[in-house]
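*Asks:* Structure for this input, please:
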Amino acid sequence: MSKRGTLLVLSGPSGVGKSTVLRKVMAGREDMAFSVSATTRAPRPGEEEGVDYFFVTRERFDEMVADGELLEHAEFVGNCYGTPRSQVEKRLESGITVVLDIEVQGASQVKALMPEALTVFLAPPSLEALEQRLRGRGTETEEKIRSRLETARRELLLAPTYDFTVVNDDADRAASELAEILENWDNDPDESPEE
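*Replies:* Alright, predicted model coming up:
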């Protein structure tokens, strides 16, 4: 039987560069896959159903919560997000490292249900640097930027509750650090299932 995969939970403020860092870590690795989340938000240009997200109505999302179909769920900036449990379990059983790129609320839910999960918080070098990144996107209103920065302040206070914190001052360096953490977590004999 193949070794069970690792559940990697990555959180961090909006705009910190989670997607960029994860793309670098996952490049060329067939033993890692994203968990596709369900969300009530509208698709952004280029996003595909079942690839980027499962786009669902609020009513369907509430049904999934009520039926215990989600490993975690959270509401963030007016939209709901959640991780379908069955998809994650299936991949872990087949030896795949499953990556959850989720908010801090969801991360604490996952850790409570699956304490073996590896949790990593990706932090900006400073709030000023984060603000520059958000403004540099050119996709957010001033109100959204302020809301995201306020949320980031609260999220940063929770970084110590994660197994590791990685500062994204350089995407290549942060990706290298995250890959090393994952490698060491996978190879730690204390983390292997008991006979």
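*Asks:* If we go by neighbour counts, what in stretch 108-122 is buried?
*Replies:* Buried residues in stretch 108-122, defined by neighbour count with 16 or more other C-beta atoms under 10 Å: 108-111, 114, 117-122. Yep, even glycine has a C-beta here, placed from its N, CA and C like the rest.
*Asks:* Would you point out the most distant pair within the residues you listed?
*Replies:* 114 and 122 (19.8 Å; C-beta to C-beta).
*Asks:* quick revisit: tabulate the buried residues of stretch 108-122 (a markdown table), appending distance to residue 10 and secondary structure.
*Replies:* Listed next are the buried residues of stretch 108-122 as a markdown table, based on distance: C-beta to C-beta, whole Å; DSSP: H, G, I helix; E, B strand; the rest coil:
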| residue | distance to residue 10 | secondary structure |
| --- | --- | --- |
| 108 | 14 | helix |
| 109 | 15 | helix |
| 110 | 11 | helix |
| 111 | 13 | helix |
| 114 | 15 | coil |
| 117 | 11 | coil |
| 118 | 9 | strand |
| 119 | 8 | strand |
| 120 | 5 | strand |
| 121 | 8 | strand |
| 122 | 6 | strand |
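*Asks:* Check what contacts stretch 102-115 and list those residues.
*Replies:* 7, 9-11, 37, 71-74, 76, 81-83, 100, 117, 119, 121, 155, 158, 161-162 (C-beta atoms under 8 Å, 6 or more residues apart in numbering).
*Asks:* separation between residue 42 and residue 131?
*Replies:* Using C-beta to C-beta, to the nearest Å, we find residue 42 at a distance of 25 Å from residue 131.
*Asks:* And for residue 151, the neighbour number?
*Replies:* Residues near residue 151, counting by other C-beta atoms under 10 Å, number 16.
*Asks:* Isn't it up against residue 12?
*Replies:* No - using C-beta atoms under 8 Å, residue 151 makes no contact with residue 12, being 11.2 Å away.
*Asks:* can you list residues touching both of those two?
*Replies:* Shared contacts of residue 151 and residue 12 (C-beta under 8 Å, 6+ apart): none.
*Asks:* Report the separation between the most centrally placed residue in the chain and residue 141.
*Replies:* Residue closest to the mean C-alpha point of the chain, counted by C-alpha atoms, centre = their mean, is residue 101 at 1.4 Å. Residue 101 is 23 Å from residue 141, where distance means C-beta to C-beta.
*Asks:* where does the chain dip in pLDDT?
*Replies:* Within the chain, the ranges that satisfy pLDDT under 70 run 1-2, 186-195.
*Asks:* ok, which stretches of it are strands?
*Replies:* Under the criterion DSSP state E, the chain carries strands at the ranges 7-11, 32-34, 37-39, 53-55, 70-76, 79-84, 97-101, 118-123, 164-167.
*Asks:* Thanks a lot, see you next time.
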